[in-house]
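# Whatever this is, show me its structure:
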Amino acid sequence: MQPLLDFLNGWELFRDPILCGMGAGAVLGMLGAFIVLRRMVFISAALSQAAGLGVALAFFAQIHLGVAAGLADPRLGALVLTLLAAGLLRREPKGRLSREGLLGMAYLVGAAGTLMVGTRITQEAHDIQAILFGTGVLVRPSDTAWVLVTALVLIALMLWWRRGLVFASFDPDGAKVRGLPVTFLGGFILVAIAFTVSIATRALGALPVFAFSVLPAISAIALARNPTAAMILAALFGALGGLGGYMLAFFGDFPVGASQTVFCALLAVLAIAARALAPSPKRA
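Numbering: from 1, shown residues only. Now for the predicted structure:
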């Protein structure tokens, strides 16, 4: 009982990281429905590592190159590197190169680059660890505001354009015949993923961001009857993962990012088990 009272009494301290985690979980969960169904799971991992490298480079530019904080803002660095990586990964590889190979290279360059740059900015070592693994403990109000505004805008747009996005994602030829802007809708999903990953990685870290973009969608797809339901359920599971993971970390004294990842994974296991135990629909 005392831990619960401590949690409630410290709400002012925990409010920002909890709201930030729920907002990031909701929007990344909804985007994750497209990521998982289009079998491009690794792209969010690669983009989150690119965002981490952008944050590390921004700190490096401030400390060693004397660039003004306004020009070398970590959030701006994450956004630039993420959009560059998304633009490169969007191109269809030629020759013997495969998209999976490019994704793997982007992931490794981002992860290794962040670690290497991190060794040169020991003043911000804690921030580098937070970028890579997520802390979610000391989320700044400005980061929370960015994540929540991004979540509200993108979720509203995805719900508004849901039929076109679903059609263009899973039947692009049919969507072209119907006159839908397939290239624009596909680009919107990729830019939305890149922008959200860059904002959320700065606030929460790469590990929970990758988890939010994959695991809630797996839970939703296991239970939903159609793509629209999967989008909505994935957003709800993502928000629940942000809240439940933080509470698991608080009461179990675990790292927040890892706890949010494990909590989302538990939801996915329960959803898959519920789907397996549910009776099959009767055939007409």
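# Find the centremost residue of the chain, please.
Compute the mean C-alpha point of the chain, and by CA atoms, centre = their mean the closest residue is V209, 3.6 Å away.
# hang on, it packs against V197?
Yes - using CB atoms under 8 Å, V209 is in contact with V197, at 5.8 Å. Yep, even glycine has a C-beta here, placed from its N, CA and C like the rest.
# And the strand or helix carrying G54, what does it pack against?
Assigned by DSSP states H and E, G54 belongs to helix 41-64. Where contact means 3 or more CB pairs under 8 Å, 6 or more residues apart in numbering; DSSP states H and E, helix 41-64 is packed against helix 11-37, helix 74-90, helix 99-118, helix 125-133, helix 182-204, helix 206-212.
# how far off helix 74-90 does that helix point, in degrees?
140 degrees (axes from the mean of the first three to the mean of the last three CA atoms, to 10 degrees).
# Relative to V269, which of the helices and strands packed on helix 41-64 is closest?
In terms of CB to CB, the element of these nearest to V269 is helix 206-212, at 13.5 Å.
# contact partners of that closest one?
Under the contact criterion CB atoms under 8 Å, 6 or more residues apart in numbering, helix 206-212 has outside partners 21, 24-25, 28-29, 32, 44-45, 48-49, 51-52, 131-134, 136, 197, 200-201, 238, 241-242, 245, 256-258, 260-261, 264-265.
# same deal with stretch 226-235?
26-27, 29-30, 32-33, 37, 155, 158-159, 162-163, 166, 170, 216-217, 219-221, 223-224.
# How about that stretch, which residues are buried there?
Of the residues in stretch 226-235, P227, A230, M231, I232, L233, A234, A235 count as buried by neighbour count, 16 or more other CB atoms under 10 Å.
# Okay then, goodbye and thanks.
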